[in-house]
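1. whatever this is, show me its structure:
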Amino acid sequence: MRYCGCFLALLVLVAPASSQQTGPIYDLDGLIVTGVPEPRSESSIGGTVTVLEGRELSERGITRVVDALRTVPGVAVVESGSFGGVASLFLRGAESDYVQVLIDGVQVNQPGGAFDFSGLTTHNVERIEVLRGPASALYGSDAVGGVVHIITRSGSGSPTSTASITGGSYGGRLWSLDLRGGTESVSYGFGLSDSETDGILAFNNGFQNRELSGVVRFLPDTRSRIELATRLGGREFHYPTDGSGNVVDQNAFTFADEVTLGLDAERQVSERVRVELSLSSFASDGGTDDAIDSGADTLGFYGYTSLNSLERTRVRVQSHVLFSSSTSGTLGAELSDQKQRSFSESLSQYGPSSGESQNTRTNRAAFLHVASGLEAVDLNAGARIEDNELFGRTSTWQVGASWGYAESGRFRASAGTGIKEPTFFENYATGFTIGNPDLAPERSSSWEVGWEQGLLDGAVHFSGVWFDQDFQDLIQYTFSPPNPGDPNYFNVAEASARGLEAGMSISSGALTAGGDFTWLATEVIDSGFDSGEGATFVEGEALLRRPKSVVGASVSYRWNTGATVNSSIRRVGERQDRDFGSYPAAPVILESYTLLDASAEIPLLTSGNRSRLSLTLRASNLLDAEYEQVFGFAAPGRQVYLGAKVGLGGGS
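-> Residues are numbered from 1 along each chain as shown. All right, here's what the predicted structure looks like:
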């Protein structure tokens, strides 16, 4: 019975449409697609969404998604040392597994929310939409602190292609190739890239990353759309460091291969009703390989191998209804299935020790969202009910309002709740650690108020947001369960985060400039089991690795010749961390640091308004700041890269 809705939706998609409906079904110019059930203008929602345009990122010389996200107010990115080390994102002080990550609408988080951003580049990216604030009422688990949505670039017109090659510091080399084009009924875009670096440490610190992405969009008529998007990614990161940053290993490395596939189809079945069907799949294989490499490794555990495989499939059906010229609603249902298989083997002087597991989880959900525009006021509200195989039934909600005043001023307000499901290990672990299948999801409640004002016909723009979040039922591990045979994981802790985000931008012809500021205060409300010397979750103290303040500024200039120059500076404040190389783990303070970056692109050969050959120059950490984002793991120093781009096709 659960597949009946999908079958009926397919019938609707191929059914004749009402002849009353006219106009294109797909036109996203100036609209956002993240945090809303259907595309809307950013000014009509009560929450906060930042849009990073792919073209602008390319002009600024930003090649990694983590570096793009650093420019967003309220976002803190933490990398464990060199290029390729685990890259985590803390959004408005929330945990790093509280952000749902989408690539063309396909969720790519690990079960329980974790995601490593180190393998994502900005090549072939149309835009990145960053929603700050809970969105579980639409997306379900993991969208506690927000959503990061990466959208692949498509094309139009006659075929065009761009090839680029770059080389520079730390043995860095990058090449990329893309092809895009389209007609009125079909558009496409494909990209291929490969990057390598020797890393910042003396040995065994290389990183290689490969990406293939593509999207094909088919518009058979003005009432129908079919879109297929895919991404294949593979990376390998060599690390000589242990968990405390000590350089000790000659051959340890991690690897990950990922495949995303999304199919989205919609049909305007009448003047007021549009039906949408989405099918998505995400598969990943990743692990660690640390073979025996010296006699010293025979002390204790001296070899380790692991493999973790994940498969997630999701079916989503939505019906968008226009109740009146100012009010619309979306009713939807979703079925998702997760499968995880893991294997590990440790080698020591006592012989091999191995373990393996295989587990599945199913989740069903239904959601309803309504939006209404009343002259200068836009209102939206939504709710979602989850029916999870393990934690049962739970619900989330969100409301928002946006009020425009004068010509270009606006007030916003929103509130909502979020959830994060347990990891498979927290639910199913066996052996020395016992999982708890009765865990509830971690929860959040949040509210925010914001203001923005445009001046001089939009040439100058100011904005500010105050937010407040509370995180409850945080899952913690205890070495000593309450009773013999009890599990090691329980919902026992609580924390909070509040802060201010402010920004301004100036756009005057060839010159654009901007600045942003974030102030953040986090606090552990209830430490749960985590107590005593060396605890990482201490009542009354701040959460680890979240900076109290971040301030940034950027400026760009474009000449009539097409040449561009860009510069940015960012100051990241102090953060609390722990020295996990000591026992018990001692508290430490990570010092503040300042990063100065610059880039330029100079056309050498042009045809019409298209560059055929250009020279690129990019410099990062120009001041050669010495800093750590994780205690014990040094970050890269000054980097300089020189490259070239060649453009083909697209007419004159």
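
2. give me the residues contacting stretch 566-573.
-> Counting by Cβ atoms under 8 Å, 6 or more residues apart in numbering, stretch 566-573 makes contact with 59-61, 70-71, 76, 547-557, 592-600, all of which sit outside it. (Each C-beta comes from the backbone N, C-alpha and C, glycine too.)

3. count of residues packed around residue 107?
-> Residue 107 is flanked by 23 other residues according to other Cβ atoms under 10 Å.

4. just to revisit the earlier point, among the contacts of stretch 566-573, which are located in helices?
-> Per DSSP state H, helices hold the following members of the contacts of stretch 566-573: residue 59.

5. please indicate which of the contacts of stretch 566-573 are buried?
-> Buried members of the contacts of stretch 566-573, counted by 16 or more other Cβ atoms under 10 Å: 59-61, 70-71, 76, 547-548, 550-552, 554, 556, 592-593, 595-600.

6. what distance do you get for residue 411 to residue 146?
-> Going from residue 411 to residue 146 by Cβ to Cβ, to the nearest Å gives 21 Å.

7. more crowded one of those two?
-> residue 146 (28 against 16).

8. the more buried one: what's it in contact with?
-> Counted by Cβ under 8 Å, 6+ apart, residue 146 has contacts 91, 92, 94, 98, 99, 100, 130, 131, 132, 133, 134, 135.

9. phi, psi for the second one please.
-> In this entry, residue 92 is assigned phi and psi values of phi 50, psi 40 (degrees, to the nearest 10).

10. surely it and residue 522 touch.
-> No - Residue 92 lies out of contact with residue 522 (Cβ atoms under 8 Å); the separation is 9.4 Å.

11. who touches both of the two?
-> Common contact partners of residue 92 and residue 522 (Cβ under 8 Å, 6+ apart): residue 497.

12. more neighbours: these two, which one.
-> When neighbours are counted by other Cβ under 10 Å, residue 92 and residue 522 differ, and residue 92 comes out ahead with 30 against 22.

13. how about that one: what's its closest non-neighbour residue?
-> In space, and not counting its chain neighbours, residue 92 is closest to residue 74: 4.8 Å by Cβ to Cβ, 6 or more residues apart in numbering.

14. residue contacts, that neighbour?
-> By Cβ under 8 Å, 6+ apart, the residues touching residue 74 are 48, 91, 92, 132, 465, 467, 499, 501, 518, 520.

15. recalculate using a threshold of 7 Å.
-> Residues counted as contacts of residue 74 (Cβ atoms under 7 Å, 6 or more residues apart in numbering) are 91, 92, 132, 501, 518.

16. nearest residue to residue 159 in space, please, no chain neighbours.
-> residue 181 is the one closest to residue 159 (Cβ to Cβ, 6+ apart), at 3.8 Å.

17. for residue 40, that is, sorry about that
-> residue 31 (6.1 Å).

18. surely that neighbour touches residue 41?
-> Yes - using Cβ atoms under 7 Å, residue 31 is in contact with residue 41, at 5.9 Å.

19. would you tell me which strand is longest in this protein?
-> strand 351-374 (DSSP state E).

20. partner strands of the helix or strand just after it, parallel or antiparallel?
-> Per DSSP states H and E, the first helix or strand lying C-terminal to strand 351-374 is strand 377-388. Partners of strand 377-388 in the sheet, by DSSP bridges, are strand 351-374 (antiparallel), strand 392-405 (antiparallel).

21. relative to residue 577, which of the ones you listed is closest?
-> Nearest to residue 577, of all the strands paired with strand 377-388, is strand 351-374, at 30.4 Å by Cβ to Cβ.

22. returning to what we had before: packed most tightly, which of the strands paired with strand 377-388 would that be?
-> strand 392-405 (a mean of 18; mean count of other Cβ atoms under 10 Å).

23. contacts for it, please.
-> With contact meaning Cβ under 7 Å, 6+ apart, strand 392-405 is reached by 43-47, 134, 136-137, 376-387, 410-419, 441.

24. can you flag the buried ones in these?
-> By 16+ other Cβ under 10 Å, those give 44-47, 134, 136-137, 378-384, 386, 410-419, 441 as buried.

25. which stretches of the stretch 501-650 of the chain form strands?
-> 511-526, 549-558, 564-572, 575-579, 586-590, 593-607, 610-620, 628-630, 633-634, 639-649 (DSSP state E, counting those that start in this stretch).

26. out of these, flag the one nearest residue 538.
-> Here strand 511-526 is closest among these (Cβ to Cβ), at 5.9 Å.

27. now that closest one: buried residues?
-> 512, 514, 515, 516, 517, 518, 519, 520, 522, 524.

28. in this structure, what spans have low per-residue confidence?
-> Residue ranges of the chain with pLDDT under 70: 1-29, 243-245, 294-301, 651-652.

29. now do the helices in it.
-> 4-14, 54-59, 65-69, 136-139, 424-428.

30. so residue 327 touches residue 374, yeah?
-> No - using Cβ under 7 Å, residue 327 is not in contact with residue 374, being 9.0 Å away.

31. bridged to residue 194, which residues?
-> If you apply DSSP bridges, the partners that residue 194 bridges to are residue 175, residue 210.

32. is it in contact with residue 175, as I believe?
-> Yes - applying Cβ under 7 Å, one finds residue 194 in contact with residue 175, separated by 5.8 Å.

33. who's in contact with the closest residue to residue 57 other than its chain neighbours?
-> Closest residue in space to residue 57, ignoring its immediate chain neighbours: residue 122 at 4.8 Å, by Cβ to Cβ, 6+ apart. Residues near residue 122 by Cβ under 7 Å, 6+ apart: 54, 57, 58, 62, 63, 64, 65, 68.

34. could you check how far the second one is from residue 282?
-> Using Cβ to Cβ, one gets 24 Å for the distance from residue 57 to residue 282.

35. need the contact list for the residue lying closest to residue 230 once chain neighbours are set aside.
-> Setting aside the residues directly before and after it, residue 230 is nearest to residue 261 in space (Cβ to Cβ, 6+ apart), at 5.0 Å. For residue 261, the contact set (Cβ under 7 Å, 6+ apart) comprises 230, 280, 281.

36. the last one bridge partners, please.
-> When bridges are taken as DSSP bridges, the partners of residue 281 come out as residue 261, residue 313.

37. go on, the first one?
-> The residues listed as beta-bridge partners of residue 230 by DSSP bridges are residue 214, residue 261.

38. list phi and psi for residue 205.
-> phi -140, psi 20.

39. and it, what is it in contact with?
-> 82, 198, 199, 238, 239, 240.

40. could you do residue 250 as well?
-> Residue 250 touches 203, 204, 240, 293, 294, counting by Cβ under 7 Å, 6+ apart.

41. and stretch 497-507, how far out from the chain middle?
-> 20 Å (Cα atoms, centre = their mean, to the nearest Å).

42. cool, stretch 362-380 as well?
-> Stretch 362-380 sits 23 Å away from the centroid of its parent chain (Cα atoms, centre = their mean).

43. and for it, what's in contact with it?
-> 37, 44-46, 137-138, 140, 326-337, 381-389, 400-405.

44. same check, this time on stretch 608-623
-> 61, 166, 562, 594-606, 636-647, 650, 652.

45. list only buried entries from these.
-> Buried subset of these (neighbour count, 16+ other Cβ under 10 Å): 61, 166, 595-603, 636, 639, 641, 643, 645, 647, 650.

46. just to revisit the earlier point, which of the contacts of residue 261 are buried?
-> 230, 280.

47. possible to save the contacts of residue 261 as JSON lines with distance to residue 578?
-> Shown next, in JSON lines, are the contacts of residue 261 (distance: Cβ to Cβ, whole Å):
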{"residue": "230", "distance to residue 578": "40"}
{"residue": "280", "distance to residue 578": "38"}
{"residue": "281", "distance to residue 578": "38"}
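
48. thanks a lot, see you next time.
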